[in-house]
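Student: Show me how the following folds:
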Amino acid sequence: MGKPGGYRRGEQQPAAIEPVARICVDVPLAHLDRPFDYLVPDKFAEDAVPGCRVRVRFAGQLVDGFVLERVAESGHQGKLAYLERVTSAEPVLSPEILSLARAVADRYAGTLIDVLRLAIPPRHAKAEAAEPREAAPPPEPPDPAGWARYPRGGAFLEALRGARPAHAVWQALPGEDWPARLAEAAAQVAAAGRGAVLVVPDHRDLARVHAACVRVLGEAGVVALAADLGPSERYKRWLAVRRGAVKVVVGTRAAAFAPVADPGLVVVWDDGDDLHADQRMPYPHTRDVLMLRAHASGAALLVAGFARTAEAALLVRTGWAHEIVAAREQLRAAAPRVTSIGEDDRQEERDPAARAARLPSVAFAAAREALAAGLPVLVQVPRRGYVPALACGGCRAPARCRRCSGPLALPAGGEDVPRPAACRWCGAAEAGFSCPACGSRRLRFVVVGAKRTAEELGRAFPGFPVRTSGAEEVLSEVPLKPALVVATPGAEPFVPQGYGAALLLDGWAMLARSDLRAGEEALRRWLTAAALVRGAAEGGRVVVIADSSLPVVQALVRWDPVWHAETELDARTELGFPPAVRIATVDGTPAAVNEFLDGLTLPPTAQILGPVTLETRGQEEERERALIRAPRTDGRALAAALHDAVAARTARKEPDLVRVRLDPLELL
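Tutor: Here you go, the predicted model:
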């Protein structure tokens with residue numbers, strides 16, 4: 001006998017109320033980027049809430065998924081399958097984060113499940129079952145005096161206090177205690193009962209901002225989210241945010257999706273840092289994620305840093321954001337004295353010690369004065385390691401072996417006994433080098449790494465310790481004692497009360513990169529290092545080894561990143577480069593790229609450039625890259641066309657992969 005309603009005894013029955021669940025299944029195929037309807041068994045009627053994790057059978061396999069919503073009826077005409085299991089009744093996917101993830105996927109031609117993997121950390125059952133954290137009390141409004149040096153700083157804090165969606169681009173003064181300023185801004189919204197999300201590039205910045213927030217908000221008022229916390233602790237902190245116990249979140253890239261309730265402020269510090277660009281599908285950038293979140297939620301957005309990117313300049317130019325900059329009088333009082341010195345061998349002839357240290361006499365004197373005053377000296381070199389290669393001392397053409405055309409380099413170690421250059425491929429010594437291009441017999445280092453520079457400085461400044469900070473060991477902080485600190489860009493340690501001097505070496509090597517953002521990136525790295533130096537009134541000196549006629553060097557000398565960003569934006573607008581337009585790169589085998597381009601239905605304003613052959617290593621299969629650009633007004637149409645083309649390929653199960661990236665940092 002069948003049971004009432006047509007169901008047999010022992011057969012599953014759907015829930016009495018809203019029996020259909022729309023599920024985002026964890027299947028990363030573009031043509032399946034849509035919700036699928038499943039029946040909710042009556043035994044899961046209470047647990048299968050919107051936002052929870054479930055297991056469903058899809059194409060014969062059990063896969064994970066998220067419940068997007070519960071509805072009364074399905075538009076599917078066939079028979080619906082039942083949910084297999086509710087993994088957790090915890091609603092980890094809030095409506096706001098779901099809407100944000102969908103917007104990010106649409107902007108970057110990706111899939112919703114790819115974005116959700118970035119936004120929601122893996123489940124940890126023990127952390128989920130732990131006692132919920134008590135909600136932190138709202139803090140007292142902070143003292144706004146720290147923002148008084150900026151004419152619009154007070155107005156920005158007032159907008160935060162009044163819950164108005166203020167969008168701003170903040171240019172921090174050199175030597176500014178920027179973690180304290182960000183903590184004060186977060187405390188303004190937390191005092192009003194709203195949330196704040198502060199996103200920084202790396203763990204060193206995270207530690208400083210978190211410590212500043214703790215001083216203002218208390219230990220219970222803020223959490224730090226980072227990938228290196230471990231799955232249990234990270235999920236525990238993330239749950240505290242989702243459950244509303246904590247209003248302020250500080251973290252790295254993925255923290256942009258932190259489930260803060262009622263966000264009132266979202267902040268990205270140093271948006272030009274490439275660590276803000278995710279290297280997983282669909283490759284979103286923190287700045288764009290927070291812009292979408294601010295627009296959808298009505299939160300205030302603050303793009304902050306010592307430098308300014310062309311993207312931030314565009315926000316100001318279009319009126320979407322206002323700039324917060326200090327008056328020139330304040331800037332002159334805070335900035336160190338900056339001197340640019342071109343790389344000319346004649347400048348080293350007057351000082352044998354400077355020649356041994358590979359420093360012009362001006363830089364050598366600046367370092368010597370700072371050390372004599374008992375202060376550390378920062379030395380920034382473009383890369384870690386030793387001596388990667390040599391070049392002609394006259395025309396700077398790469399120095400190559402006469403036997404096999406391999407690159408020449410100096411052997412490591414053995415500095416007391418001069419050794420000739422040798423080929424890095426065949427090992428043959430080259431004692432009688434002669435440049436085939438100009439005939440010069442002199443050699444110079446292409447880029448001297450941090451280790452080699454540290455050895456040279458140790459001989460030039462005997463009696464002073466030399467410390468290195470780079471990829472193998474990054475120092476977070478060094479004491480206020482006389483020492484030489486050799487660091488690669490981005491690894492400069494913080495010093496309380498500032499360095500006495502900074503020497504920025506091999507500037508031409510940073511500017512000579514074949515990259516659209518070479519000048520912008522060089523200025524950002526220089527300003528970040530120079531901002532750690534004391535002001536000129538306290539004797540702070542910065543010496544950059546680069547041609548002073550270059551616009552990027554002039555921007556550093558005048559400490560004018562705003563002018564450089566506007567100039568850069570004008571040039572890119574004229575040439576049709578981002579951010580004036582939207583550009584997509586399509587990488588793959590020649591056949592796959594051509595087939596992909598043939599199947600695209602682009603907006604009429606779009607333009608295809610290439611494809612061109614990419615450099616490959618060893619025996620890798622030949623790969624090509626095509627560029628597709630369109631005006632910003634057609635950016636959504638471009639992203640939709642790319643998504644449809646990828647979906648068509650995955651539906652046909654094409655064997656060759658094609659990687660599509662929108663607005664990548666590197667185009668060349």
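Student: Look at the residue most central in space within the chain and report its pLDDT.
Tutor: When Cα atoms, centre = their mean is applied to the chain, the residue found nearest the centroid is His276 (1.6 Å). Note for His276: predicted pLDDT of 95.
Student: likewise the one 3 residues further on?
Tutor: The predicted structure scores Gln279 at 91 on the pLDDT scale.
Student: The closest residue to Asp64 other than its chain neighbours: what's it in contact with?
Tutor: Using Cβ to Cβ, 6 or more residues apart in numbering and skipping the chain neighbours, the partner closest in space to Asp64 is Asp26 (4.3 Å). To be clear about C-beta, it is placed using only N, CA and C from the backbone, and glycine gets the same treatment. The contact partners of Asp26, by Cβ atoms under 8 Å, 6 or more residues apart in numbering, come to Val63, Asp64, Gly65, Ile113.
Student: Local confidence estimate at Asp26?
Tutor: In this model, Asp26 carries a pLDDT of 94.
Student: ok, now Gly2?
Tutor: pLDDT recorded at Gly2 is 36.
Student: May I ask you to confirm that Val485 is in contact with Leu375?
Tutor: No - the criterion here is Cβ atoms under 8 Å, and Val485 misses it with Leu375 at 10.9 Å.
Student: Residues that sit against both of the two, list them.
Tutor: By Cβ under 8 Å, 6+ apart, Val485 and Leu375 have these common neighbours: Tyr499.
Student: May I have the phi/psi pair for the residue nearest to Asp64?
Tutor: The phi/psi pair for Asp26 (degrees, to the nearest 10) reads phi -80, psi 70.
Student: try Pro284
Tutor: Phi and psi for Pro284, reported as degrees, to the nearest 10, are phi -80, psi 160.
Student: how far away is it from Pro259?
Tutor: According to Cβ to Cβ, to the nearest Å, Pro284 stands 17 Å off from Pro259.
Student: Neighbour count: these two, which is higher?
Tutor: A direct count of neighbours by other Cβ atoms under 10 Å for Pro284 and Pro259 places Pro284 higher, at 28 against 24.
Student: And the next helix or strand past the lowest-mean-pLDDT helix or strand in the chain?
Tutor: In the chain, no helix or strand scores lower on mean pLDDT, DSSP states H and E than helix 352-356, which sits at a mean of 48. Using DSSP states H and E, the helix or strand that follows helix 352-356 in sequence is helix 361-372.
Student: quick one: average confidence on that following helix?
Tutor: When pLDDT is averaged over helix 361-372, the result is 88.
Student: got the contact list for the helix or strand hosting Val593?
Tutor: Secondary structure from DSSP H and E places Val593 in helix 590-598. With Cβ under 8 Å, 6+ apart as the test, helix 590-598 has contacts from 586-588, 608, 611, 622-626, 645, 649, 654, 656-658.
Student: Can you mark which positions in that helix are buried?
Tutor: The neighbour-count check on helix 590-598 (16 or more other Cβ atoms under 10 Å) flags Ala592, Val593, Glu595, Phe596, Leu597 as buried.
Student: got CSV for those, with distance to Val216 and pLDDT too?
Tutor: Shown next, in CSV, are the buried residues of helix 590-598 (distance: Cβ to Cβ, whole Å; pLDDT from 0 to 100):
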residue, distance to Val216, pLDDT
Ala592, 53, 92
Val593, 52, 92
Glu595, 56, 92
Phe596, 51, 93
Leu597, 53, 92
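Student: Now distance to Ala212 too, for those residues, in JSON lines please.
Tutor: What follows is the buried residues of helix 590-598, written out as JSON lines (distance: Cβ to Cβ, whole Å):
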{"residue": "Ala592", "distance to Ala212": "49"}
{"residue": "Val593", "distance to Ala212": "48"}
{"residue": "Glu595", "distance to Ala212": "52"}
{"residue": "Phe596", "distance to Ala212": "47"}
{"residue": "Leu597", "distance to Ala212": "49"}
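Student: Mind picking the one among those residues that's closest to Phe306?
Tutor: When the buried residues of helix 590-598 are compared for distance to Phe306 (Cβ to Cβ), Val593 wins out at 39.3 Å.
Student: Which SSE is immediately downstream of the top helix by length along the chain?
Tutor: Secondary structure of the chain per DSSP state H: the longest helix is helix 635-652. Sequence-wise, the next helix or strand downstream of helix 635-652 (DSSP H and E) is strand 659-662.
Student: Which strands and helices lie in contact with that next one?
Tutor: Under the contact criterion of 3 or more Cβ pairs under 8 Å, 6 or more residues apart in numbering; DSSP states H and E, strand 659-662 touches strand 581-588, helix 635-652.
Student: Quick check: which of those is buried the most?
Tutor: Highest mean neighbour count of these: strand 581-588, a mean of 22 (counted as mean count of other Cβ atoms under 10 Å).
Student: Can you give the strand pairings for that strand, parallel or anti for each?
Tutor: The pairing partners recorded for strand 581-588 under DSSP bridges are strand 624-631 (antiparallel), strand 659-662 (antiparallel).
Student: quick one, the longest helix of the chain and strand 581-588 angle?
Tutor: Going by axes from the mean of the first three to the mean of the last three Cα atoms, to 10 degrees, helix 635-652 is angled at 20 degrees with respect to strand 581-588.
Student: can you give me the mean pLDDT across helix 635-652?
Tutor: If you average the pLDDT values across helix 635-652, you get 94.
Student: Residues contacting it, please?
Tutor: With Cβ under 8 Å, 6+ apart as the contact definition, helix 635-652 has outside contacts at 29-33, 106-110, 582, 584, 596, 599-603, 606, 628, 630, 658, 660, 662.
Student: Let's see that with 6 Å instead.
Tutor: Helix 635-652 has contacts (Cβ atoms under 6 Å, 6 or more residues apart in numbering) with 29-31, 109, 582, 584, 596, 599-603, 606, 630, 660.
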